[in-house]
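> turn this into a model:
(4 chains)
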There are 2 protein chains.
Amino acid sequence: MEEMSLTAPEPTALEIVRTRSLSSLVAQEIERMILSGALPAGERLNEQQLAAQLRVSRGPVREAVRGLERSGLVVAVRNQGSYVRTVSAQEALEIYDLRAAITGLACARLAEGAAPAQMATLRALVKRMDTARRADDPPSYYAANLEFHAALLSFGGGPRSQRLYEDLGNELHLFRRRALVQPENMRESNAEHATILKAIAAGDAAAARAAGEAHIAGGKRRFQATDATTKPGTGRKGENDDDQHDPSPPPAAGRRGGRPRRAG
Amino acid sequence: MEEMSLTAPEPTALEIVRTRSLSSLVAQEIERMILSGALPAGERLNEQQLAAQLRVSRGPVREAVRGLERSGLVVAVRNQGSYVRTVSAQEALEIYDLRAAITGLACARLAEGAAPAQMATLRALVKRMDTARRADDPPSYYAANLEFHAALLSFGGGPRSQRLYEDLGNELHLFRRRALVQPENMRESNAEHATILKAIAAGDAAAARAAGEAHIAGGKRRFQATDATTKPGTGRKGENDDDQHDPSPPPAAGRRGGRPRRAG
DNA sequence: GGACTGCCATCTGTCAACAGTTGGCGCGGC
DNA sequence: GCCGCGCCAACTGTTGACAGATGGCAGTCC
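Numbers count the residues shown, from 1 in each chain, chains lettered A, B, ... in the order given. Down below sits the predicted model:
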């Protein structure tokens, strides 16, 4: 009845303090703030403000920010501070392609030999999404969708693939503030899920791969449809002359030095 | 005549101090130590020893280690220390598959429309490798090979793809101490490079993708051939019951506490 | 009136010190 | 001789404090 849970059950408060260092908790919290939009893309991260807000010293905050910098959520400029990374439309499209490639890989591997229990888990998740769709419950659909893809990558690819997929998904959140799953797309999305499972069950690796890639490509297409800056027709062709894809040039003036604006 | 250089030319010493923080330099140095084998996989990272060795305080070292932890080169255990990550054979194979997928993606994109300058750069690199091979100069071949793949990913995929490819390559170095490019494989490897370029030049996206994937798969095969623990026949099928792929369980006893062993 | 220069508050980068935990070693008991 | 307990040193986690840099604001010169 119950599916394998890809998410940790519920750690005890004491367990948390015993196992996780303060730095990792701070990193987790800052990451949550970024992904939830509390810290919008391009925003400057004030170390001591964050430290005061989280009731810790600046040390753990700095360590956390360094970690987030490595993972690509934050860019740092010496003596100037760290900024929430901004993802350009072009980068977002590239990330979609990467996710499509590794998803297709996982689907192909799964088609070559999936365990019955794994298939059952995936099918149960599709059913859960279908239920959520009928009930017009986007949050539930969103959660189940995350679990589905995590399971797909975990079963077909492995732990590294799963983590990579999630990291890329996090980066995608940095492109503006955008709801990545619109309610009206639930039906189409879940139909693609079913197509994937069908190909896997048939043992057709090529079809499974194509279906997995098409699913992410569909997400990319739906993403493009809602964004005016990405013209679907002209994918980046050869002559990329004027594109200087920097990770994220810090904003011109980051409001740092100077005395605080007082209404005097 | 000269190719686009994918590596930074040569930063001035003053420029380094101005732009890079001490933490990033320490991170770079520790990463170099890990990849060069000076810090073997599984080794414990002693913070104050590293700090003393690099003539800095523990703060930057800790920040650097946190960054390396996020990038997957290091695993940390609370109150116990950080260890250089050990990559299992299974994880190594998974990483090869991921690299194959994103390389194939880049090749396909390149086949859909590569700029002449880009093709010229790639062809020049293949020629350089061929020269190095004839001269029996593995280091030169190795360097050119790195540049070739960096260019391939940069041109066909984008900056994110390129960084991802390199990060995955770095992780691969953590599997034992192994020379990833054997001299006797240079001919075969470069022939595959030529096949990739041929498919790209023909504008055949499917063929280019297949060639790119086959090239990395060839690397995987050559890797498996030199490692007894990876049985080529039985790729991980469905029933993965007993595999608890932890990122890297810390060694049983890490030689930390206790008084120093004195010969008294 | 416009542009330049000096000043200064804020923030980051780095360091040194304090507290808590871990794990081995030696001692004592059985 | 073997097992368990307590001690202790080393190390990590965290904090507070100090130095350097940055960028806006005000005053001043032309």
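> what's the neighbour count on A:G113?
16 (other Cβ atoms under 10 Å in any protein chain shown). The way it works is simple: take the backbone N, C-alpha and C, and place the C-beta from them, glycine included.
> and it, how far from B:K220?
Using Cβ to Cβ, to the nearest Å, we find A:G113 at a distance of 18 Å from B:K220.
> do A:V87 as well
Counting by Cβ to Cβ, the gap between A:V87 and B:K220 amounts to 31 Å.
> what of A:A143?
35 Å.
> so for those two, which residue has more residues nearby?
Neighbours per residue, other Cβ under 10 Å: of A:A143 and B:K220, the larger number sits with B:K220, 19 against 15.
> what's near enough to touch the closest residue to A:A41 other than its chain neighbours?
Closest residue to A:A41 apart from its sequence neighbours, by Cβ to Cβ, 6 or more residues apart in numbering or on different chains: A:T86 at 4.5 Å. Applying Cβ atoms under 8 Å, 6 or more residues apart in numbering or on different chains to A:T86 gives the contacts A:41-42, A:174-175, A:248.
> gap between A:T86 and A:G72?
Note on A:T86: its distance to A:G72, by Cβ to Cβ, is 12 Å.
> find the nearest non-adjacent residue to the spatially most central residue of chain A, please.
With distances taken as Cα atoms, centre = their mean, A:G169 lies nearest the centre of chain A, 1.9 Å away. Closest residue to A:G169 in three dimensions, ignoring its sequence neighbours and counting by Cβ to Cβ, 6+ apart: A:R99, at 7.1 Å.
> per-residue confidence at the one you found?
Confidence per residue is given as pLDDT, and for A:R99 that number is 97.
> low-confidence bits of chain A, can you list those?
Low-confidence segments of chain A, defined by pLDDT under 70: A:1-18, A:176-184, A:228, A:230-264.
> 90 instead, please
Per-residue confidence for chain A (pLDDT under 90) gives these ranges: A:1-22, A:36-37, A:78, A:113, A:138, A:173-186, A:219, A:221-264.
> now do the helices in chain A.
Using DSSP state H, the helices of chain A run over A:13-19, A:22-36, A:47-54, A:58-70, A:89-111, A:116-134, A:138-156, A:159-172, A:186-201, A:205-225.
> indicate which one of these is closest to B:T226.
When the helices of chain A are compared for distance to B:T226 using Cβ to Cβ, the nearest one is helix A:159-172, at 21.3 Å.
> what angle separates the closest one from helix B:159-172?
Counting by axes from the mean of the first three to the mean of the last three Cα atoms, to 10 degrees, helix A:159-172 points 150 degrees away from the direction of helix B:159-172.
> okay, buried residues for helix A:159-172 please.
Of the residues in helix A:159-172, those buried by neighbour count under the rule 16 or more other Cβ atoms under 10 Å in any protein chain shown are A:159-165, A:167-172.
> now do stretch A:79-96
Burial within stretch A:79-96, assessed by neighbour count using 16+ other Cβ under 10 Å, is assigned to A:81-96.
> quick one: distance of it to the chain centre.
Once both centres are worked out by Cα atoms, centre = their mean, to the nearest Å, stretch A:79-96 turns out to sit 13 Å from its chain's centre.
> what's the end-to-end length of it?
From the first residue to the last, stretch A:79-96 extends over 34 Å; the measure is Cα to Cα, to the nearest Å.
> cool, and stretch A:41-48?
19 Å.
> cool, stretch A:149-163 as well?
The separation between the terminal residues of stretch A:149-163, taken as Cα to Cα, is 11 Å.
> what's the answer for stretch A:109-124, then?
Across its full length, stretch A:109-124 reaches 20 Å between end residues, using Cα to Cα.
> mind checking how far stretch A:161-179 is from the chain centre?
Centroid separation for stretch A:161-179 versus its chain: 2 Å, with Cα atoms, centre = their mean.
> and chain A, what are its domain boundaries?
When chain A is parsed into structural domains using automatic domain parsing, the resulting residue ranges are A:18-84, A:89-225.
> for A:E171, what are its contacts?
A:72-73, A:85, A:87, A:91, A:95, B:160.
> okay, it and DNA strand D: tell me how far apart.
Counting by Cβ to the nearest atom of the strand, to the nearest Å, the gap from A:E171 to DNA strand D is 26 Å.
> what does A:L174 give?
Here A:L174 is placed at a distance of 22 Å from DNA strand D (Cβ to the nearest atom of the strand).
> one more: A:S82?
The value you get for A:S82 to DNA strand D, if Cβ to the nearest atom of the strand is used, is 13 Å.
> that residue: what's it in contact with?
A:44-45, A:47, A:65, A:69, A:74-76.
> if we use 6 Å, what do you get?
By Cβ atoms under 6 Å, 6 or more residues apart in numbering or on different chains, A:S82 lies in contact with A:45, A:65, A:74, A:76.
> give me the subset of the residues you listed touching DNA strand C.
A:45, A:76 (Cβ under 7 Å from any atom of the strand).
> which stretch among the helices of chain A comes nearest B:L22?
B:L22 lies closest, by Cβ to Cβ, to one member of the helices of chain A: helix A:58-70, at 11.6 Å.
> flag every buried residue along the closest one.
Of the residues in helix A:58-70, A:59-70 count as buried by neighbour count, 16+ other Cβ under 10 Å.
> stretch A:47-57 too?
A:47, A:50-51, A:54, A:56.
> and stretch A:191-201, how far from the chain's centre?
For stretch A:191-201 - counting by Cα atoms, centre = their mean - the centre lies 22 Å from the chain centre.
> contacts made by that stretch with the rest, please.
Contacts made with stretch A:191-201 from outside it, assessed by Cβ under 6 Å, 6+ apart, are listed as A:107, A:110-111, A:114, A:122, A:126, A:207-208, A:211-212, A:215, A:218.
> for that stretch, which residues meet the burial criterion?
So stretch A:191-201, judged by 16+ other Cβ under 10 Å, has buried residues A:192-193, A:195-197, A:199-200.
> what residue in the stretch 51-200 of chain A comes nearest to DNA strand D?
Closest residue of the stretch 51-200 of chain A to DNA strand D, Cβ to the nearest atom of the strand: A:G59 (2.3 Å).
> who in the stretch 51-200 of chain A is up against DNA strand C?
Listed as neighbours of DNA strand C in the stretch 51-200 of chain A under the rule Cβ under 7 Å from any atom of the strand: A:58-59, A:62, A:76, A:78-82.
> run the last query once more with 10 Å
A:51-52, A:57-59, A:61-63, A:65-66, A:76-83 (Cβ under 10 Å from any atom of the strand).
> could you export the contacts of A:T86 as CSV, including neighbour count?
Compiled in CSV, the contacts of A:T86 are given as follows (neighbours: other Cβ atoms under 10 Å in any protein chain shown):
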residue, neighbour count
A:A41, 18
A:G42, 15
A:L174, 25
A:F175, 21
A:S248, 20
